[in-house]
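# Sequence first, predicted coordinates after that:
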Amino acid sequence: MEENTEQVVTIKLKLFEPTKTKQDMYQTMADRTTDFANRYLGVEKPMRPKSSADAKLYTEPLPAIVLNQAIRDIEAKKNAKSFKRLWPDFNNQNFRVEKETLQDGGAAWKVSFPTLEKRVGVPIQVEKYQIKYLELLLSGQAKQGTAQLIKCGRQWYIHLALTVSVKAEKKPPKYMGVDLGLIDLAVASILGSTLFFSGAELAYVRRHYAELRKKLQKKGAHKALRKLGNKEHRWIMAINHTISRRIIEFAKAHGVSVIRLEDLRGARWTKSQRKKQRKDAGRSLHSWAFFQLRQFIEYKAALAGIEVELVNPELTSLTCSRCGEVRTSRPAGRWYTCPRCGKVKHIDANAADNIAQAISGLSEEKRAKTILKPKTRRRTTAA
Ligand SMILES: [Zn+2]
């Protein structure tokens, strides 16, 4: 028996070296979109503009389709009181991905979208793992959702949502929980077997880079500093690829059909606990590194026909995965010891077991734009 599963993935496409003029324009669009969102929220509900024509009164010039999409995005966030940032968003009719085959057989990728002046075509820097998705899109096997123009660090990106259809055998689901980044970098657990990825190596290399950075900073060597940053970035990306690949291989080898990750917008610890925890673990990894690792896990799961579900992270580190006892405080060190049944387990493995079982339920919010959140609709195609 086979069935089709649809997954929504968001891929993050880096705009390739946009000119200063273009970057300034993107920034202006983002500022105006945000201003518009906040003015819109300031208007009483029945009086709010419903179309771009009405909306024009509340904003400095923006393309009509950006305004229309902004209204949809604002309305989708029912409880929003204000927006620190609302990025310009383009629906599938106004955003295009194009591929140009080069003479040497390679390909150049481009996206185009409306701006303040005219429609622009912008080259994008495509990672290998993104090509599969873009090819699916061009061949009509993936459906295009919205595309958001986002600035992250100094770079501009397009976050493109795609709906991909994957065929899967129908059988009772088998769950795997993945815990990211407390003591160990990643821990995958299928009740009974556990896969660990130590963060030690990563911590060592990051310290190494941090020292080099300090030296260069003293010398004021800006160019060398930037180069170092790129090198470190590539190195972390390579590690994340390896880890995510091995997690998916582990899942496949065990017939896992659903990978469960924590919805990290909920907090498992308080902020200060989390900070301390990261420090204790000897690393202060940039959050983008974890974000990227999650993304890689989700892409690769989607390609392997494995669903990804987000679970509520509450109590996953405090609960005994065997008997359900809840400790009142975080276990000190690496081991979770249960005061009731006496079970002793590595705290991340215990957490991963709890994530696999979704002890606090699935995450309430099914899908957010900037964080990759696959949504599953099951549709049986054969009886
Ligand atoms: Zn117990």
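Received, thanks. Numbers count the residues shown, from 1 in each chain.

# which stretches of the stretch 251-383 of the chain form helices?
Remark: helices assigned in the stretch 251-383 of the chain by DSSP state H, counting those that start in this stretch are 271-280, 287-303, 347-357.

# ok, residues contacting the last one?
Read it as helix 347-357. By CB atoms under 8 Å, 6 or more residues apart in numbering, the residues outside helix 347-357 that reach it are 175-179, 182-184, 187-191, 194, 196, 260-262, 311, 313, 315-317, 319-321, 331, 333-336, 345. C-beta coordinates here come from the backbone N, C-alpha and C atoms, glycine included.

# filter these by proximity to the ion?
For the ion, the contacts drawn from the contacts of helix 347-357 by CB under 5 Å from the ion are Cys320.

# Show me the contacts of helix 347-357 that map onto strands.
175-179, 187-190, 194, 196, 260-262, 311, 335-336, 345 (DSSP state E).

# What is the neighbour count of Lys214?
Counted with other CB atoms under 10 Å, residues neighbouring Lys214 total 10.

# The helix or strand hosting it packs against which elements?
Assigned by DSSP states H and E, Lys214 belongs to helix 200-219. Packing partners of helix 200-219 (3 or more CB pairs under 8 Å, 6 or more residues apart in numbering; DSSP states H and E): helix 222-253.

# Could you name the helices and strands sitting against the helix it packs on?
Using 3+ CB pairs under 8 Å, 6+ apart, helix 222-253 sits against strand 175-180, strand 186-190, strand 193-197, helix 200-219, helix 287-303.

# most neighbours per residue, which of the helices of the stretch 251-383 of the chain?
Stretch with highest mean neighbour count among the helices of the stretch 251-383 of the chain: helix 347-357 (a mean of 26; mean count of other CB atoms under 10 Å).

# now that one and strand 193-197, what's the angle there?
130 degrees (axes from the mean of the first three to the mean of the last three CA atoms, to 10 degrees).

# buried residues in stretch 337-350?
Buried positions in stretch 337-350, judged by neighbour count with 16 or more other CB atoms under 10 Å: 337-338, 345-350.

# Quick check: the two most widely separated of the residues you listed?
The span of those, defined through CB to CB, is set by Cys338 and Asp348 at 15.5 Å.

# contacting residues around the nearest residue to Ala147 once chain neighbours are set aside?
The shortest distance from Ala147 to any non-neighbouring residue, by CB to CB, 6 or more residues apart in numbering, is to Phe95 (4.1 Å). Residues in contact with Phe95 (CB under 8 Å, 6+ apart) are 111-113, 144, 146-147, 158, 160.
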